[in-house]
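> Return a 3D structure for these sequence lines:
(chains A and B)
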Number of protein chains: 2
Amino acid sequence: MAGATRSLGCRRLLGTHLKNLLHTKHCVLFDCDGVIWNGDKAVAGAPEVVSLLKKRGKSVFFVTNNCTRSRDSYLSKFSRLGFCDVVQSDVVSSAYCSAIYLRDMAKVQGKVYVIGSDGVYTELYEAGVPVVGREPDVPGATIYDCPLDSDVKAVLVGYDDKLNFLKLAKACCYLRDPNCLFLATDGDPWHPRPRGRVSPGSGSLAAALETAAERKATVIGKPSRFMFQCIVSRFGVDPARTLMVGDRLETDVLFGRSCGVDTVLALTGVSTLQQALGYRDSTDPQGAACVPDYVVDTVADFLPALDEER
Amino acid sequence: MAGATRSLGCRRLLGTHLKNLLHTKHCVLFDCDGVIWNGDKAVAGAPEVVSLLKKRGKSVFFVTNNCTRSRDSYLSKFSRLGFCDVVQSDVVSSAYCSAIYLRDMAKVQGKVYVIGSDGVYTELYEAGVPVVGREPDVPGATIYDCPLDSDVKAVLVGYDDKLNFLKLAKACCYLRDPNCLFLATDGDPWHPRPRGRVSPGSGSLAAALETAAERKATVIGKPSRFMFQCIVSRFGVDPARTLMVGDRLETDVLFGRSCGVDTVLALTGVSTLQQALGYRDSTDPQGAACVPDYVVDTVADFLPALDEER
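Purely as a prediction, here's the structure:
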């Protein structure tokens, strides 16, 4: 029976089937990079899909592990790429959720040392969480002589293209205190860049710290359920009536399945159909958690079902 | 019986016992940091111990995961700290062995992209292995626009206090090619620094790349056996007649045991007696491989046995 259930994964979403499925869902969660846009280019049809879903009365959330932008900065990007009816509360980023976690869950009493980008600093600032890490170091400063802040009670690591050795070393020093919290915005191992290039993701930088500190980070982003809990606690969505659309099996699909949400793999990003079928046909129980219920070539495949649903 | 054997671990080396043990050994391998010196200060008595061992006709090797210095640079340090009879071939560093591995084992046909310190660059240069990675980047260069060298056939990562995001990203790009070799000088997770500070080790930087590249690095340094093979192939030492003295259970002791060599934990560095006893009394078979045969407070404990052995 388990086998029979599994073999139902990776179904192509088409025609009436897709229309019926969308009819049963009140809420759609989209990953961003690789799903509704690639870099600075919207996936063709994605703005229309979002707009039509909203017109049909669906709740739409953008659940992204990309922690480089604040929600406000995301809004500018949505608008620039033609997504005209997105509002700030639709955007649920790992930077925003990290700030919420530190303030409301961990209730951190002190400062947070951040390795990260503008998005993380802005969200922590807006949440009222005191931050250190952004001040430029004295040229030539080393871990032997740089100042450390004794009020740091948490380390948060995320994507930081200004990472350097001293930042890592400072984080290691803070993490020597077993009471210092250790968070990662997300565990994304790498990101595709133009012309076949790649860059390390937050998960890569977190792994460096986890190894050096001999501790595991609490990961806020997908596949951890915390981002979904943030949505549920604020908007009370029902997992059974929710659909998660993503491009990474080990992140988006695993996230959706952990949250009890039906999942759609869009083939416009990192993971391939072959990889999805590989998980489906493997006997590894961990792999089974990465099998999407459905597959579409692109979110634009939703258009006919939404156009007809009048 | 296995239990009985294990319970013999962590024996204090004293008096006649120590003298008899040294009598049976023809070769002594020392770790450096935390064993014969701490930072820039020799452990009291260590230079005399090395000198007396050599006078008694023992082969002495310094087997260090510290890849920041070339062997020549190590010789200066030995001399400066009072170790006057050490010669270049006594020094077996992870930087040197990485160069030997790339040239003689992997027979790399192309350039090596290095994240590392002077020691690694110098040893690769002296071994005749072509290297890239040291050239300064154009200010403001990113992984989107920086040049990459299509002749890179291996990535070698080691301790690099000038690490930055672009270096990591370049390494990730090179490692996209499954035929590109992936080596780490060593897996040391962190290093103690003065005033209770710490810094990430090669193992931490390697973990960042392993996560981003979704591949495991071949680790050259201890506990991998390769450094011992380098010594054996050149000097034909007999493991049964060899003693390994180190300060890290998971590195030095595990290395010694993997090589079939008796091990001594010196309590002048990272690992504590409590940790050693913890491994000894645990039922974890992996932990058993980290139990030292013997424990000394410091290598100076060897002095009486050597003084008397005339």
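> for the stretch 101-250 of chain A, which spans come out with low pLDDT?
Filtered on pLDDT under 70, the stretch 101-250 of chain A yields no residues whatsoever.
> Please enumerate the helices of it.
Ranges of helices in the stretch 101-250 of chain A, per DSSP state H, counting those that start in this stretch, are A:118-126, A:165-175, A:202-213, A:226-235.
> can you list the residues of chain A near chain B?
By C-beta under 8 Å from any C-beta of the partner chain, the residues of chain A that approach chain B are A:142-144, A:148, A:160-166, A:168-169, A:172-173, A:176, A:189-190, A:193-194, A:196-201, A:203-214. For the C-beta atoms, the positions are set from N, CA and C on the backbone; glycine is no exception.
> Drop anything exposed from those.
Buried by 16 or more other C-beta atoms under 10 Å in any protein chain shown: A:143, A:160-161, A:163-166, A:168-169, A:172-173, A:189-190, A:193, A:197-201, A:203-213, out of the residues of chain A next to chain B.
> ok, back up a step: so for A:Gly15, which of the helices of the stretch 101-250 of chain A sits nearest?
helix A:226-235 (29.1 Å; C-beta to C-beta).
> how far is that closest one from where the chain is centred?
13 Å (C-alpha atoms, centre = their mean, to the nearest Å).
> Over to stretch A:46-56?
Relative to its chain's centre, stretch A:46-56 lies at 21 Å (C-alpha atoms, centre = their mean).
> Pop out the phi and psi values for A:Cys32.
For A:Cys32, the backbone dihedrals (degrees, to the nearest 10) come out as phi -100, psi -80.
> distance of it from chain B?
19 Å (C-beta to the nearest C-beta, to the nearest Å).
> Which strand residues bridge the residue lying closest to that residue once chain neighbours are set aside?
Excluding the flanking residues, the one nearest A:Cys32 by C-beta to C-beta, 6 or more residues apart in numbering or on different chains is A:Thr64, at 4.4 Å. With beta bridges defined as DSSP bridges, A:Thr64 has these partners: A:Ser93.
> Tell me which residue is most central in chain A.
Centroid check for chain A by C-alpha atoms, centre = their mean gives A:Asn65 as the closest residue, at 2.2 Å.
> Distance check, the residue located most distally from the centre of chain A against A:Thr24.
Distance to the chain centre peaks in chain A at A:Asp145, reaching 36.3 Å (criterion: C-alpha atoms, centre = their mean). Using C-beta to C-beta, to the nearest Å, one obtains 62 Å as the distance from A:Asp145 to A:Thr24.
> Pull out the buried residues from stretch A:40-47.
For stretch A:40-47, the buried set under the neighbour-count rule, 16+ other C-beta under 10 Å, comprises A:Ala42, A:Val43, A:Gly45, A:Ala46, A:Pro47.
> wait, doesn't A:Gly119 sit right on A:Ser73?
Yes. In this structure, A:Gly119 is within contact of A:Ser73 by C-beta atoms under 8 Å, at 6.6 Å.
> and of the helices of the stretch 101-250 of chain A, who's closest to A:Val152?
helix A:165-175 (4.9 Å).
> what comes into contact with stretch A:282-289?
A:Arg6, A:Leu254, A:Arg257, A:Ser258, A:Gly278, A:Tyr279, A:Arg280 (C-beta atoms under 8 Å, 6 or more residues apart in numbering or on different chains).
> Is the second one in a helix, a strand, or coil?
Which is A:Leu254. What DSSP: H, G, I helix; E, B strand; the rest coil gives for A:Leu254 is helix.
> ok, the nearest residue to it once chain neighbours are set aside - contacts?
Spatial nearest neighbour of A:Leu254, excluding adjacent residues (C-beta to C-beta, 6+ apart): A:Pro223 at 3.9 Å. The neighbours of A:Pro223, taking C-beta under 8 Å, 6+ apart as the test, are A:Gly187, A:Glu250, A:Thr251, A:Asp252, A:Leu254, A:Phe255, A:Ser258.
> okay, those residues in a markdown table with neighbour count next?
Shown next, in a markdown table, are those (neighbours: other C-beta atoms under 10 Å in any protein chain shown):
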| residue | neighbour count |
| --- | --- |
| A:Gly187 | 23 |
| A:Glu250 | 20 |
| A:Thr251 | 25 |
| A:Asp252 | 32 |
| A:Leu254 | 22 |
| A:Phe255 | 26 |
| A:Ser258 | 14 |
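> just curious, which of those is nearest to chain B?
Nearest to chain B out of the contacts of A:Pro223 is A:Gly187 (C-beta to the nearest C-beta; 8.5 Å).
> surely that closest one meets A:Ala206?
Yes. A:Gly187 lies in contact with A:Ala206 (C-beta under 8 Å); the separation is 6.6 Å.
> Report the set of residues contacting both of those two.
With C-beta under 8 Å, 6+ apart as the test, A:Gly187 and A:Ala206 both reach A:Val219.
> Can you give the domain ranges for chain A?
Annotated domains of chain A cover A:2-65+A:223-308, A:96-219 [automatic domain parsing].
> and the nearest residue to A:Val131 once chain neighbours are set aside, how many neighbours?
Of all residues not flanking A:Val131 in the chain, A:Leu124 sits nearest, at 4.9 Å (C-beta to C-beta, 6+ apart). Burial of A:Leu124 is recorded as 25 neighbouring residues (other C-beta atoms under 10 Å in any protein chain shown).
> and the residue of the stretch 1-150 of chain A nearest chain B?
A:Ile143 (4.9 Å).
> Return the residues in contact with the closest residue in space to that residue that isn't next to it in sequence.
What sits nearest to A:Ile143 in space, not counting adjacent residues and going by C-beta to C-beta, 6+ apart, is A:Ala169, at 3.8 Å. With contact set as C-beta under 8 Å, 6+ apart, A:Ala169 has these partners: A:Ile143, B:Arg197, B:Val198, B:Ser199, B:Pro200.
> then stretch A:286-302 to PDB, C-alphas only?
Extracted in PDB, the C-alpha atoms of stretch A:286-302 (Å, rounded to 0.1, in the frame of the first residue of the first chain):
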ATOM      1  CA  GLN A 286      14.400   9.600   3.400                       C
ATOM      2  CA  GLY A 287      14.200   9.900  -0.400                       C
ATOM      3  CA  ALA A 288      10.400   9.200  -0.300                       C
ATOM      4  CA  ALA A 289      10.000  12.500   1.700                       C
ATOM      5  CA  CYS A 290      11.400  14.400  -1.400                       C
ATOM      6  CA  VAL A 291       8.900  12.900  -3.900                       C
ATOM      7  CA  PRO A 292       6.600  15.700  -5.200                       C
ATOM      8  CA  ASP A 293       2.900  14.800  -5.600                       C
ATOM      9  CA  TYR A 294       2.800  16.700  -8.900                       C
ATOM     10  CA  VAL A 295       5.200  18.000 -11.600                       C
ATOM     11  CA  VAL A 296       4.700  20.900 -14.000                       C
ATOM     12  CA  ASP A 297       7.200  22.200 -16.600                       C
ATOM     13  CA  THR A 298       6.500  25.700 -15.400                       C
ATOM     14  CA  VAL A 299       4.000  27.500 -13.200                       C
ATOM     15  CA  ALA A 300       2.600  28.900 -16.400                       C
ATOM     16  CA  ASP A 301       1.000  25.400 -16.800                       C
ATOM     17  CA  PHE A 302      -1.500  26.700 -14.200                       C
END
